[in-house]
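Engineer: here is a sequence together with a model predicted from it:
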Amino acid sequence: MKKTLHKKILIIDDVSENINVLRHMLDKHGYELFMAKDGLKGIEIAKNIQPDLILLDIMMPIIDGYETCTKLKKDKNLKDIPVIFLSALTNIEDKVKAFEVGGIDYIPKPFNEQEVIIRVKAHLQTNIIITSLNNLLEKSFHEIYTPLSVIQTGIEMQTLEYGPSEYMDSIKAAMINLNVVSDDIYYAIKKEISPFDPRWLELDLFIEKQIKYFKPLAKTKYITFSFDNEIENPMIYINDVELKRLLLNVLSNAIKYASPNTIIKIKIKNRNDKIVFSISNQGRIIKNKDEIFKNLFQEDSNHFGLGIGLDIVAQVCKKNKIEVKVKSVNNFTKFSFIYKEEK
């Protein structure tokens, strides 16, 4: 008796013979199969059935496999469905392009049944593992954020009832540090399976919000902020989560290594039609400027943190084509970020 796996596979190929060959190979393994003879119809079917895997031909009329895959990956409801390309094309350029547009594998024609089955099973299993890890990640961080929210509410109520105190400020500062680290871990894992699509953000308002968030932490060292914006309505095209990770990590480091009773200066200015925003502090200098953006690097292991924050900053800058410069001399450290909109 045929074992039913209840996994849905969508085959998109304009040649009926290819569809029949694949259907014969896969049907005996109990997969639920769906077929389309062009990319647009395939996308329509994918929206309706949410397949677990898509087998996609490259050379097709109307739109080819590359464009079909590109459209799939741009759809928030379809982007995580694994796509295996099928093609008689053997040029390395064709294979590279298949991966560049979002494919996870490439099966050459004519088909070898054993190879097809092994690859299909492997990618379905991998997708199950990724989905399970993603669900576990979401649930795990929910278990972290819920008590943190309770603690924050408790601090606010305690402060309202009894007024501010040094003890409450210390608890609030510790909670902020824990939030930054947990959010970094979440992003470091999530970025591997989520695109974090960009949108237009008002940089000055975004920075002001992060400064406000860090004031309780800065207060424990009697540190204040100054913010100077020389650009009217500075806009930056970036994902809000990624910009937040960039700013929070640099600001938290600025507070961590700043001397007490000093000022952290944040500036936005125009330089040669580029938006430049910088964060500077007075205190310990950075001895290893060439090492700080490496994963897990910690210049001082005595400070709280995992050494992933500035690595995340570097990744965000690279992805969004933001140039970053670090200057650290005479007890002053400055991080500058140079952004230019791509026309």
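Structural biologist: Thanks, I have the structure now. Numbering: from 1, shown residues only.
Engineer: tell me where the model's unsure across the stretch 1-150 of the chain.
Structural biologist: 1-5, 137-138, 140-145 (pLDDT under 70).
Engineer: now the helices for it?
Structural biologist: In the stretch 1-150 of the chain, the helices defined using DSSP state H, counting those that start in this stretch lie at 16-27, 39-49, 65-74, 92-100, 113-162.
Engineer: what residues of the first one count as buried?
Structural biologist: For helix 16-27, a neighbour-count test (16 or more other C-beta atoms under 10 Å) marks N18, I19, V21, L22, M25, L26 as buried. Yep, even glycine has a C-beta here, placed from its N, CA and C like the rest.
Engineer: who are the packing partners of it?
Structural biologist: Taking 3 or more C-beta pairs under 8 Å, 6 or more residues apart in numbering; DSSP states H and E as contact, the helices and strands that helix 16-27 lies on are strand 8-12, strand 32-36, helix 113-162.
Engineer: which of the helices of the stretch 1-150 of the chain is buried the deepest?
Structural biologist: helix 65-74 (a mean of 20; mean count of other C-beta atoms under 10 Å).
Engineer: how far is it from where the chain is centred?
Structural biologist: 20 Å (C-alpha atoms, centre = their mean, to the nearest Å).
Engineer: same check on stretch 227-234?
Structural biologist: Distance, centroid of stretch 227-234 to centroid of chain: 27 Å (C-alpha atoms, centre = their mean).
Engineer: quick one: end-to-end distance for that stretch.
Structural biologist: With C-alpha to C-alpha, to the nearest Å as the measure, the ends of stretch 227-234 fall 14 Å from one another.
Engineer: what do you get for stretch 319-335?
Structural biologist: 18 Å.
Engineer: show me what counts as buried in that stretch.
Structural biologist: For stretch 319-335, the neighbour count (16+ other C-beta under 10 Å) marks N320, I322, V324, S328, T333, K334, F335 as buried.
Engineer: quick check, nearest of those to K109?
Structural biologist: N320 (38.6 Å; C-beta to C-beta).
Engineer: for Y339, see how far away the closest one is.
Structural biologist: Using C-beta to C-beta, to the nearest Å, one gets 8 Å for the distance from N320 to Y339.
Engineer: what do you get for N112?
Structural biologist: 49 Å.
Engineer: looking at those two, which is more packed in?
Structural biologist: Y339 (19 against 13; other C-beta atoms under 10 Å).
Engineer: partners of that one in the sheet?
Structural biologist: Listed beta-bridge partners, Y339: I275 (assigned using DSSP bridges).
Engineer: isn't it up against V324?
Structural biologist: No. Y339 is not in contact with V324 according to C-beta atoms under 8 Å; the separation is 10.1 Å.
Engineer: kindly reformat the buried residues of helix 16-27 as TSV containing distance to D311.
Structural biologist: TSV is the format used below for these (distance: C-beta to C-beta, whole Å):
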residue	distance to D311
N18	45
I19	46
V21	47
L22	42
M25	44
L26	42
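Engineer: on that earlier part again, could you dump the helices and strands packed on helix 16-27 to a markdown table with distance to D273?
Structural biologist: Output for those, formatted as a markdown table (distance: least, C-beta to C-beta, whole Å):
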| stretch | distance to D273 |
| --- | --- |
| strand 8-12 | 44 |
| strand 32-36 | 47 |
| helix 113-162 | 40 |
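Engineer: ok, now which ones touch the nearest residue to T70 once chain neighbours are set aside?
Structural biologist: Closest residue to T70 apart from its sequence neighbours, by C-beta to C-beta, 6 or more residues apart in numbering: V101 at 5.1 Å. V101 sits next to Y66, C69, T70, K73 when contact means C-beta atoms under 8 Å, 6 or more residues apart in numbering.
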